[in-house]
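Colleague: Predicted structure and sequence below. I'll ask about it afterward.
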Amino acid sequence: TVMLSGDWADGVHKVTVVFLNDDYGGPGADRNLYVDGIAFNGEAVAGGEAAFLWSGAKDFAWYA
């Protein structure tokens, strides 16, 4: 779990998740990253899930 706290104004907010440490060491030894969900003020953000099967980045944005 990663928690970000702040005093944010109304408007569009964005978090970018970057997966830098991908590795494949053979069957059963693949390193991946899974984002199970993102919430803002206790409310789930639509589209707040992702599977990083290789290095890369994904933006998660919402209006609050």
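Modeller: Yep, that arrived.
Colleague: Pull the number of nearby residues for G6.
Modeller: Close neighbours of G6, defined as other C-beta atoms under 10 Å, add up to 6. The way it works is simple: take the backbone N, C-alpha and C, and place the C-beta from them, glycine included.
Colleague: Look up the pLDDT of it for me, please.
Modeller: With respect to pLDDT, G6 scores 84.
Colleague: Secondary structure class of it, three-state.
Modeller: Reduced to three states with DSSP: H, G, I helix; E, B strand; the rest coil, the structure at G6 is coil.
Colleague: how close does it get to A39?
Modeller: 14 Å (C-beta to C-beta, to the nearest Å).
Colleague: now T16
Modeller: On the measure of C-beta to C-beta, T16 and A39 end up 17 Å apart.
Colleague: quick one, what contacts G48?
Modeller: G48 makes contacts with 35, 37-39, 60, as judged by C-beta atoms under 8 Å, 6 or more residues apart in numbering.
Colleague: how far is stretch 48-64 from where the chain is centred?
Modeller: How far stretch 48-64 lies from its chain's middle: 4 Å, per C-alpha atoms, centre = their mean, to the nearest Å.
Colleague: and it, C-alpha only, in CSV?
Modeller: Taking Å, rounded to 0.1, in the frame of the first residue of the first chain, the C-alpha atoms of stretch 48-64 are listed here in CSV:
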residue,chain,number,x,y,z
GLY,A,48,-7.6,2.5,-11.2
GLU,A,49,-6.2,-0.9,-11.9
ALA,A,50,-3.3,-2.0,-14.1
ALA,A,51,-1.0,-4.9,-14.8
PHE,A,52,2.6,-4.0,-15.7
LEU,A,53,4.0,-7.1,-17.4
TRP,A,54,7.1,-5.2,-18.6
SER,A,55,8.7,-1.9,-17.8
GLY,A,56,6.6,1.1,-18.5
ALA,A,57,4.4,3.9,-17.1
LYS,A,58,0.6,4.5,-16.7
ASP,A,59,-1.2,7.7,-15.8
PHE,A,60,-4.2,7.5,-13.5
ALA,A,61,-6.3,10.7,-13.6
TRP,A,62,-9.6,11.8,-12.0
TYR,A,63,-11.6,15.0,-11.3
ALA,A,64,-12.3,15.9,-7.7
